[in-house]
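Q: Provided below are the primary sequence and the corresponding predicted coordinates.
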Amino acid sequence: RKEYVDLYVNYIFSKSVQKPFEDFMQGFLRGCPARNWKMFFPEELQVVLQGVTTFDWHLLEKNVKYRQYEKLDQTIRNFWTVFHKLPEEKKKMFLVFLSGSDRITGYALECFRFWIADPQVENPDEVCPSASTCYFILFLPR
């Protein structure tokens, strides 16, 4: 029985996916040659490709830029007060809303910048916050 289980596991995890994996690897290495990845340790490469999953949320607040707002405006102070009270999972959901991902690639949290902008609408009470994920802009009505 042990031999059967070993052969079955080998088939499922190795043999059955060998051809699709080789095809994927060939295409991947065509666009991203292996010599470019040799400068990374495995842990660094994982962060570059998958992004980081733990964040210093106060650093995120520190790095934000404002359009039509000042850091001390009441709307901004209220936003950060509520944001910092959110559980970790909700904060990551905010990142998804803002950027389309719950991760920030590379070691870029120190460099990650997003904008909070006033959409300058006539009646802000009738407008929900929205985001431009391509440009990392949160449109936050007053």
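A: Noted; the coordinates are in hand.
Q: and the gap between residue 89 and residue 137?
A: 23 Å (Cβ to Cβ, to the nearest Å). The C-beta positions use only the backbone N, C-alpha and C, and glycine is treated the same way.
Q: got it, and residue 124?
A: Distance from residue 124 to residue 137, counting by Cβ to Cβ: 16 Å.
Q: more neighbours, the two?
A: residue 137 (18 against 13; other Cβ atoms under 10 Å).
Q: lowest-confidence helix or strand of the chain?
A: Using mean pLDDT, DSSP states H and E, helix 42-50 stands out as the lowest-scoring helix or strand of the chain, at a mean of 78.
Q: how about it: buried residues?
A: Using 16 or more other Cβ atoms under 10 Å as the test for burial, helix 42-50 gives residue 47.
Q: now it: how far from the chain's centre is it?
A: The chain centroid and the centroid of helix 42-50 are separated by 14 Å, computed with Cα atoms, centre = their mean, to the nearest Å.
Q: Check stretch 18-35 too.
A: Stretch 18-35 sits 24 Å away from the centroid of its parent chain (Cα atoms, centre = their mean).
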